[in-house]
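>>> here's my sequence, what's the structure:
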Amino acid sequence: MKKLRWISLYNYPASSFPSNFQPRELGCLELQFSRQKELWHGYKSLPNLKILNLSDSKNLIKTPDIEGLPCLERLILEGCWSLEEIHPSIGYHKRLVYVDMSVSWTTPRSQVSRSVMCWNLVELPDLPSSIAILKADGCDSLESVGDLSYYKWLWKVSLWGCYKLIGGERVLHSMLEGNAAKDRFMSVLLPAVEPSSCIFARLVTLQLPSNWYSDFSGLLLFLRDHSRGKLSYRIDIKQETSTYDYSKESDEDWKQCKYERVGYVPFNSLRHIPWLNPTYTKNILFQTDKGGLNVELVRSKNKIVDLNENPINYSECWDEEYKDAKTFEIMYDSQPSNIRIVWNH
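Below is the predicted model:
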């Protein structure tokens, strides 16, 4: 038992773990569909545990004390419908980068009583300063997530179905301020936030002002779609010579969507595009393969963008949610004019 490194158990019985359960070499503990109300009582020393997966543990009422799990990186609570309390030890953890407390959609809503879901969560607790990705999809009693500007590594948030959320626009702006200043990508899924222009289309032309190179740091992409769950979007961009308004050709009313994805793409991530320069680039054409798109410029607050500077090290942004893909990928075609942004959220 002491040398175990991986434990994966389904439908674990309702009893809590015994006090002598402390496999010090354990790196991953998966207890999906567990029947426990409480994982363990008090302090538990698991010094090498990196992944704690309690997904679909429908009887779980509160999360365990994780103070004795100093290496924990992922806490997965997806589908823990009865969850009412998150232990305060999560707020001062130093290594936790990924927290998922979304409602699981593996069981139809019609077969589940809303009164016993983790939708009972009204506000999120203090989060660890190390957090990079937060998911709370389907928690539709959630009204507040606090001030996210304190979390300097947080760049991806998913709050699909949190229709009671107060201050969604403030959530977006606080995250954008931190990530834009550090030239990092940002991806947010929120109840619909209105950009300054309320037109969404498959084809969008962005007219660049003469000062775009010096006064703006990147692009803010608003994407509306009627689908839910993880989706992959392909956004093709190219230099455009005309100023034709393609939004007039949109045949769907994307304004009716109740939620949207908002992504920030810094100009420095596009530095390899040969035609993106302050002298020649006046208009950019964006085309998405699905949904309705709106694009805005983000004003720079700290420095002039230098497209020739050294590459940004994006490895500091923890992005291991998906095994087979990153959240943002910039793809270059054999023809220099063809650029594609692949966005997974």
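>>> so where do the strands sit in the stretch 51-200 of the chain?
Counting by DSSP state E, counting those that start in this stretch, the stretch 51-200 of the chain has strands at residues 51-53, 74-76, 98-100, 133-135, 156-158, 186-191.
>>> try the stretch 201-345 of the chain
Counting by DSSP E, counting those that start in this stretch, the strands of the stretch 201-345 of the chain are 203-207, 216-224, 232-239, 259-266, 283-288, 292-299, 328-332, 339-344.
>>> one step back: now the strands of the stretch 51-200 of the chain as JSON lines including mean pLDDT?
Shown next, in JSON lines, are the strands of the stretch 51-200 of the chain (pLDDT from 0 to 100):
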{"stretch": "strand 51-53", "mean pLDDT": "96"}
{"stretch": "strand 74-76", "mean pLDDT": "93"}
{"stretch": "strand 98-100", "mean pLDDT": "91"}
{"stretch": "strand 133-135", "mean pLDDT": "88"}
{"stretch": "strand 156-158", "mean pLDDT": "89"}
{"stretch": "strand 186-191", "mean pLDDT": "88"}
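>>> thinking again about what came up before, as TSV, the strands of the stretch 201-345 of the chain with mean neighbour count, mean pLDDT and distance to K58 would be great.
From N, CA and C alone the C-beta is placed, and that goes for glycine too. Converted to TSV, the strands of the stretch 201-345 of the chain look like this (neighbours: other CB atoms under 10 Å; pLDDT from 0 to 100; distance: least, CB to CB, whole Å):
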stretch	mean neighbour count	mean pLDDT	distance to K58
strand 203-207	18	90	43
strand 216-224	22	92	32
strand 232-239	18	92	30
strand 259-266	23	89	25
strand 283-288	19	92	37
strand 292-299	19	91	36
strand 328-332	15	88	34
strand 339-344	19	92	28
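>>> minimum distance to S187: which of these has it?
strand 259-266 (5.0 Å; CB to CB).
>>> what's around L29, how many residues?
Around L29 there are 22 other residues, counting by other CB atoms under 10 Å.
>>> strand partners of whatever helix or strand it lives in, parallel vs antiparallel please.
Assigned by DSSP states H and E, L29 belongs to strand 28-30. Applying DSSP bridges, strand 28-30 is found paired with strand 6-8 (parallel), strand 51-53 (parallel).
>>> hmm, back to that, closest one to P18 among the strands of the stretch 201-345 of the chain?
That would be strand 339-344 among the strands of the stretch 201-345 of the chain, by CB to CB, at 40.8 Å.
>>> hmm, back to that, how about the strands of the stretch 51-200 of the chain, which one is nearest W212?
strand 186-191 (19.2 Å).
>>> helices along the stretch 101-250 of the chain, start to end?
168-181, 212-215 (DSSP state H, counting those that start in this stretch).
>>> in the shortest one, what counts as buried?
I take that to be helix 212-215. W212, Y213 (16 or more other CB atoms under 10 Å).
>>> next one: that helix to chain centre, how far?
When C-alpha coordinates are averaged (CA atoms, centre = their mean, to the nearest Å), helix 212-215 and its chain have centres 28 Å apart.
>>> again with the longest one
Using CA atoms, centre = their mean, we find the averaged C-alpha position of helix 168-181 to lie 13 Å away from the chain's own average C-alpha position.
>>> mean confidence for it?
In this model, helix 168-181 has a mean pLDDT of 80.
>>> packing partners of that helix?
strand 186-191, strand 216-224, strand 259-266 (3 or more CB pairs under 8 Å, 6 or more residues apart in numbering; DSSP states H and E).
>>> can you tell which of the ones you listed is closest to E143?
Comparing those by CB to CB, strand 186-191 comes nearest, at 11.6 Å.
>>> tell me which strands the closest one pairs with, and in which orientation.
strand 156-158 (parallel), strand 259-266 (antiparallel).
>>> tilt between the longest one and helix 168-181?
Compare the direction of strand 259-266 with that of helix 168-181 by axes from the mean of the first three to the mean of the last three CA atoms, to 10 degrees and you get 20 degrees.
>>> please save the CA atoms from strand 259-266 in PDB.
Taking Å, rounded to 0.1, in the frame of the first residue of the first chain, the C-alpha atoms of strand 259-266 are listed here in PDB:
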ATOM      1  CA  TYR A 259     -23.700  32.600 -23.500                       C
ATOM      2  CA  GLU A 260     -20.500  33.300 -25.400                       C
ATOM      3  CA  ARG A 261     -16.800  32.500 -25.600                       C
ATOM      4  CA  VAL A 262     -14.400  35.400 -25.300                       C
ATOM      5  CA  GLY A 263     -10.800  35.000 -26.300                       C
ATOM      6  CA  TYR A 264      -7.800  37.300 -26.100                       C
ATOM      7  CA  VAL A 265      -5.100  36.800 -28.700                       C
ATOM      8  CA  PRO A 266      -2.000  39.100 -28.200                       C
END
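>>> who's in contact with that strand?
160-161, 172, 176, 179-180, 183-193, 217-225, 233, 298, 312, 328, 341, 343, 345 (CB atoms under 8 Å, 6 or more residues apart in numbering).
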